[in-house]
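In: Have a look at this fold, sequence not included:
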């Protein structure tokens, strides 16, 4: 399903881009980023030829949209880098003499529906 949004040239750039991107799947962000970058480049080049207020508004709108798309594309990278840092910190603290707890449970359930506890130990 492709989401489309139509806007008039009288709307502000930030409002348009946020409304447009709120319903936009992140998986399609790369192709949209390419399209918006192309439009942005065309607007910039035509702006040098004529100083038109409609073109300036369109350029502002596409600049805001392009910036938000770049932020969305960078967000998963930041999240994965944060997860890697957390895992590295946990591994470093685990080898530094900290206590580790191990709880092993069975896949089978007791009469109450809870998993069967096989082993519960704390290593110093």
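Out: It's in. Everything numeric here is computed off the predicted structure, so don't read it as measured data.
In: Please make it C-alpha for all contacts and neighbour counts, starting now.
Out: OK.
In: Let me know the pLDDT of residue 74.
Out: We have a pLDDT of 74 for residue 74.
In: Now it: which helix or strand?
Out: Using DSSP states H and E, residue 74 maps to helix 53-94.
In: now do residue 108
Out: Using DSSP H and E, residue 108 maps to strand 100-109.
In: pLDDT on that strand, on average?
Out: Regarding strand 100-109, the rounded mean pLDDT is 67.
In: Just say helix, strand or coil for residue 112.
Out: Secondary structure assignment for residue 112 (DSSP: H, G, I helix; E, B strand; the rest coil): coil.
In: What distance do you get for it to residue 69?
Out: Separation of residue 112 from residue 69 (Cα to Cα, to the nearest Å): 50 Å.
In: When these two are compared, which one has more neighbours?
Out: Of the pair residue 112 and residue 69, residue 69 is the one with more neighbours under other Cα atoms under 10 Å, namely 20 against 6.
In: these two touch, right, that one and residue 33?
Out: Yes: here residue 69 reaches residue 33: they are 6.3 Å apart, a contact under Cα atoms under 8 Å.
In: burial measure for residue 44, as a count.
Out: Using other Cα under 10 Å, residue 44 has 14 other residues around it.
In: need the contact list for it.
Out: Each residue near residue 44 by Cα atoms under 8 Å, 6 or more residues apart in numbering is listed here: residue 59.
In: Buried residues in the host helix or strand of it, which are they?
Out: Using DSSP H and E, residue 44 falls within helix 29-49. By 16 or more other Cα atoms under 10 Å, the buried positions in helix 29-49 come out as 29, 32-33, 36-37, 39-40, 43.
In: Low-confidence stretches in this protein?
Out: Within the chain, the set of residues satisfying pLDDT under 70 comprises 1-30, 47-52, 75-106, 113-124.
In: which residues does residue 40 contact?
Out: Applying Cα under 8 Å, 6+ apart, one finds that residue 40 lies in contact with 59, 62-63.
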